[in-house]
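Asker: Just to be clear, the model below is a prediction. Sequence and coordinates:
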Amino acid sequence: MKFNWGTGIVLAFIAFIAFIMYFVILASTDNRANHDLVTEEYYKEELAYQKEIDALNNAKDYASQFSFVNEENGIAITFPPKMNYKEIEGKVSLYRPSNKHLDFDFPLSLSNKHLLIPDKRLLDGRWDIKIYWNYQGKKYLVKESITY
């Protein structure tokens, strides 16, 4: 068999297609590339999105008064000084974009203006924090992305 330009082009196309297919299969089967982009109950959360927008608008005045500080024993969140911490009720949600199994929620119970999220629940990396709370009959929401 004689090797000419036509044979070389066909072999180059076959090698290129095999190379691309190898990386497609590698990327689709690798667990390190398995990122969940949405929550399990996406449509249920989408219906409640207007309530979230209203709560974000209610919290505009307070959002800049929150502080998120990385400490040795966890993340310390300081609530606005204008609010009476005894009247605050709600929950805190921590979302880990890279692994849905690390997500967790806990009720918001304050004994002072500070809330500590313990270090034992957190791994190094990015966390999205949502603080939902009710104060004097009004709903509020603050969102923050931090790197621990």
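Answerer: Thanks, I have it. On a predicted model such as this, the values are computed, not experimentally measured, just so you know.

Asker: Now the closest residue in space to Y95 that isn't next to it in sequence: which helix or strand?
Answerer: Leaving aside its sequence neighbours, Y95 sits nearest to D128 (C-beta to C-beta, 6 or more residues apart in numbering; 4.3 Å). C-beta coordinates here come from the backbone N, C-alpha and C atoms, glycine included. Element membership of D128 [criterion: DSSP states H and E] is strand 126-135.

Asker: Can you list the strands that that strand pairs with?
Answerer: Note on strand 126-135: by DSSP bridges, its sheet partners are strand 89-95 (antiparallel), strand 138-147 (antiparallel).

Asker: Y62: which of the ones you listed is closest?
Answerer: strand 138-147 (6.7 Å; C-beta to C-beta).

Asker: What residues of the closest one count as buried?
Answerer: 139-142, 146 (16 or more other C-beta atoms under 10 Å).

Asker: Turn those into CSV, columns for pLDDT and distance to T78.
Answerer: Formatted as CSV, these follow (pLDDT from 0 to 100; distance: C-beta to C-beta, whole Å):
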residue, pLDDT, distance to T78
K139, 91, 20
Y140, 89, 15
L141, 89, 17
V142, 90, 12
I146, 83, 14
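
Asker: The lowest-mean-pLDDT helix or strand in the chain: how far from the chain's middle?
Answerer: Lowest by mean pLDDT, DSSP states H and E among the helices and strands of the chain is helix 42-47, with a mean of 78. Computed by C-alpha atoms, centre = their mean, to the nearest Å, the separation of helix 42-47 from the middle of its chain amounts to 16 Å.
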